[in-house]
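*Asks:* I'd like to go over a predicted model; first the sequence, then the structure.
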Amino acid sequence: MKQVLITGASSGIGAQLAIDYASEGWQVIACGQSEVRLAELVKNNPLIMPLPFNVTNIVEVKQALESIEQLPDLIILNAGTCEYIDNGVIDTALFKRVFDVNFFGLLHCIEAMQSRFSSSAHLVIIGSSASFVPLPRAEAYGASKAAVAYLSHTLAIDLAHIGVTVTLVNPGFVKTPLTDKNDFQMPMLVTAEYASEQIRRGISAGKIEINFPWKFNLLLKFIALLPLRLQLKAIKQFTGKRT
């Protein structure tokens, strides 16, 4: 039976991926911080096994992941969070909270599993299209996802010698409990079901980068090709940010 491990599986994209992979007959190791939400996820679904831990706690991470007798070949590192700042006012504690989950939480999981990666392991890392260009209020989130993107690309080089494939996923806005907190318009918003379909299809096709929705990501990637002065001008117009 095919197996997949998914972090951040207690809600949003991670939960939808767990449900969809289980519906296809995969055995799913669903990792998340909320035992209550994981319990709801596995209810009436014997193919989903809950594994609760907090990705920001390296001791918890290692204890939980080392309890798995054999790691699945497919590992989806999806756990993430988002907080915004206002008017460029830096809050170091906020940055640390975001990086602790999005970047260091990712590192904790990789460190805990790296010695047991199989030669056919496929490591899928959930980044964000926010890493392509500077976006208003997203200093902490965007910086953390830019770090995730760089890490993913370098791991793709450095882990190739042992046969590990690394795929970076760059979603746009996806309707989840996390984005439900946003108080601004989210262009080309997609559902978690759509996101899951795009991710699973991309993984199956062996893609090393998965971007969706494609029109939104193509626009941001085009802006990223411009000189910085023009990038900033385009983003201000695109987001309605006025100086």
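*Replies:* Yep, that arrived.
*Asks:* Secondary structure element for residue 230, which one?
*Replies:* Element membership for residue 230, per DSSP states H and E: helix 228-239.
*Asks:* where does the chain have low pLDDT?
*Replies:* Low-confidence segments of the chain (pLDDT under 70): 180, 184, 241-243.
*Asks:* Regarding it, what is its longest helix?
*Replies:* helix 139-158 (DSSP state H).
*Asks:* Mind listing what's buried along the helix holding residue 230?
*Replies:* 231-232, 234-235 (16 or more other C-beta atoms under 10 Å). No exception for glycine: its C-beta is placed from N, CA and C like everyone else's.
*Asks:* could these be laid out in TSV, adding distance to residue 50?
*Replies:* Formatted as TSV, the buried residues of helix 228-239 follow (distance: C-beta to C-beta, whole Å):
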residue	distance to residue 50
231	43
232	45
234	44
235	40
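*Asks:* picking up where we left off before, which other helices and strands contact the longest helix of the chain?
*Replies:* For helix 139-158, the packing partners by 3 or more C-beta pairs under 8 Å, 6 or more residues apart in numbering; DSSP states H and E come out as helix 92-99, helix 105-113, strand 122-126, strand 165-171.
*Asks:* Not counting that helix itself, show me its contacts.
*Replies:* Helix 139-158 is contacted from outside by 82-85, 88, 90, 94-95, 98-99, 102-103, 106-107, 110, 123, 125, 127-128, 130-131, 134-135, 164-168, 170, 208, using C-beta atoms under 8 Å, 6 or more residues apart in numbering.
*Asks:* List only those of these flagged as buried.
*Replies:* With burial judged by 16+ other C-beta under 10 Å, the buried subset of the contacts of helix 139-158 is 82-85, 94-95, 98-99, 102-103, 106-107, 110, 123, 125, 127-128, 130-131, 134-135, 164-168, 170.
*Asks:* From residue 85, how far out is residue 144?
*Replies:* 13 Å (C-beta to C-beta, to the nearest Å).
*Asks:* same thing with residue 120?
*Replies:* Distance of residue 120 to residue 85, computed by C-beta to C-beta: 42 Å.
*Asks:* what do you get for residue 28?
*Replies:* If you go by C-beta to C-beta, the gap between residue 28 and residue 85 works out to 35 Å.
*Asks:* Residue 143 too?
*Replies:* Counting by C-beta to C-beta, the gap from residue 143 to residue 85 is 11 Å.
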